[in-house]
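> Next input, structure requested:
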Amino acid sequence: MATVRIPQPLRNLTGDKATVDADGDTLSALIANLEASYPGIRERLLDDAGEIRRFVNIYVNGDDVRFIDGLNTAIKANDEVSIVPAVAGG
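Residues are numbered from 1 along each chain as shown. Now for the predicted structure:
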């Protein structure tokens, strides 16, 4: 299983857990597994077209999935997946 780091704004969906475990051989499958355990998380991560939302960054072992294979990024046991909402300010 991969360890998924949950940001504060999404912890209301995970029972206030900062990390959860999830299965999936790709990021897409891992998100589906998260949705099964924590309903509502998928819509916070993916847009209506099923793509990663513009202001959500997802990293696998520190690498931005947008520069790997996006939702097709391979996930292995013991990987660390970090969900990081973009922060804007000025």
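> Residue 25: how many residues sit nearby?
12 (other Cβ atoms under 10 Å). Heads up, the C-betas are built off the backbone N, CA and C, glycines and all.
> Report whether the expected contact of it with residue 75 is present.
Yes: using Cβ atoms under 8 Å, residue 25 is in contact with residue 75, at 6.1 Å.
> neighbours around residue 71, how many?
With other Cβ under 10 Å as criterion, residue 71 counts 17.
> measure residue 84 to residue 6 for me?
In this view, residue 84 and residue 6 are 10 Å apart by Cβ to Cβ, to the nearest Å.
> So which of these two has more stuff around it?
residue 6 (22 against 13).
> For that one, give me its contacts.
By Cβ atoms under 8 Å, 6 or more residues apart in numbering, residue 6 lies in contact with 13-14, 17-20, 83.
> In this structure residue 33 contacts residue 23, no?
Yes: between residue 33 and residue 23 there is a contact at 5.1 Å, judged by Cβ under 8 Å.
> surely residue 21 meets residue 30?
No: look at residue 21 against residue 30 with Cβ under 8 Å: they stay out of range, at 10.2 Å.
> which residues do those two both contact?
2, 4.
> higher neighbour count, these two?
Using other Cβ under 10 Å, the more surrounded residue of residue 21 and residue 30 is residue 30, with 23 against 12.
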